[in-house]
Structures are given as structure tokens and as C-alpha cells.
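Q: Need coordinates for the following:
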Amino acid sequence: MNTAYPPADAILAALWALWNRESVDQEDPNFSATGDLADGRVTVTVSGEVDMASAEALYRAATPDRAEAATLDLRAVTFFDSAAIHTLIRLAERYPGALEVVPSDRVRRILEISGLGQQAWLRPA
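A: Numbering: from 1, shown residues only. Next up, the predicted model:
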């Protein structure tokens, strides 16, 4: 039997990708946030309910040590409250000029109502 192994650089790249992936474990099954760090930018994919119970976990997922910029994908977010809004403001302060937020329609509406609908970091869905 001839077994072919991937080249060492492919293995290292796969390990690097896993090492840079941060998954936030939550007791709440209605929330998840997973961050991937590449070239100094963390991309966090969020789903479910972002509220007082989960907002801090979102912040932690979006602020790994080596991140200089952040993208939040909120298209799968179903609930977004004032604690979540506060987290976005904290992240905008943490990443001045380097934050991007891709909201769901629901999140966009909440940000518009709160007066944050015209922020430079807010992207089209």
C-alpha cells in the first residue's frame, strides 16, 4: 500500500489555521462566536442571541492578542440588545478605523434606531 502524505508546509498551514481559530464556549446554546485570525485581522462569525449574557464572550472572541483589525459577521444574529450595542462601541474604540460590521437586517434596524446606522464601520449585509 502506497501512502502519500501532504507536504510539511501544508500540515503547518493547517495547524496554524487551527491555532488561530478561537471558539467561545458558552453555556447558552442560543449563541456562538468563532474567530479566525489572519494577517492581523480577526474575523468573528456570530450567530444567535447577543445580549447581556453573551456580549462579553463576543468581545473576547473579537480581541485576541495579535489582532490589529476586526470584522464581525452578524448576519446570523437573531437578537441584539443594548449590551451588544455597547460591545460594538467598545470594539470601535479598540480598533479605530479598522472595524467592519456586517449586520443582519435585524441588527441593522436596531443600530439605525439607536443612532448608529451611519457609522463608518457598518457594512452592507
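Q: from here on, contacts and neighbour counts on C-alpha atoms
A: Noted.
Q: By mean pLDDT, which helix or strand of this structure comes out lowest?
A: Least confident helix or strand, the chain: strand 21-23 with a mean of 47, by mean pLDDT, DSSP states H and E.
Q: Specify the next element, helix or strand, located C-terminal of that strand.
A: strand 31-38 (DSSP states H and E).
Q: Give the partner strands of that following strand in its sheet and their orientations.
A: Applying DSSP bridges, strand 31-38 is found paired with strand 21-23 (antiparallel), strand 41-50 (antiparallel).
Q: Alpha carbons of the last one, in PDB - could you do that?
A: Only the C-alpha atoms of strand 41-50 are listed here, as PDB (Å, rounded to 0.1, in the frame of the first residue of the first chain):
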ATOM      1  CA  ARG A  41      -7.400  40.800  11.300                       C
ATOM      2  CA  VAL A  42      -9.800  38.700  13.300                       C
ATOM      3  CA  THR A  43     -13.000  37.700  11.600                       C
ATOM      4  CA  VAL A  44     -15.700  36.700  14.000                       C
ATOM      5  CA  THR A  45     -18.800  34.800  12.900                       C
ATOM      6  CA  VAL A  46     -21.600  35.300  15.400                       C
ATOM      7  CA  SER A  47     -25.000  33.500  15.500                       C
ATOM      8  CA  GLY A  48     -27.900  33.500  17.800                       C
ATOM      9  CA  GLU A  49     -28.700  36.000  20.600                       C
ATOM     10  CA  VAL A  50     -26.200  38.700  21.600                       C
END
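Q: count of neighbours near residue 103?
A: 21 (other Cα atoms under 10 Å).
Q: what's it sitting at in phi/psi?
A: The phi/psi pair for residue 103 (degrees, to the nearest 10) reads phi -90, psi 160.
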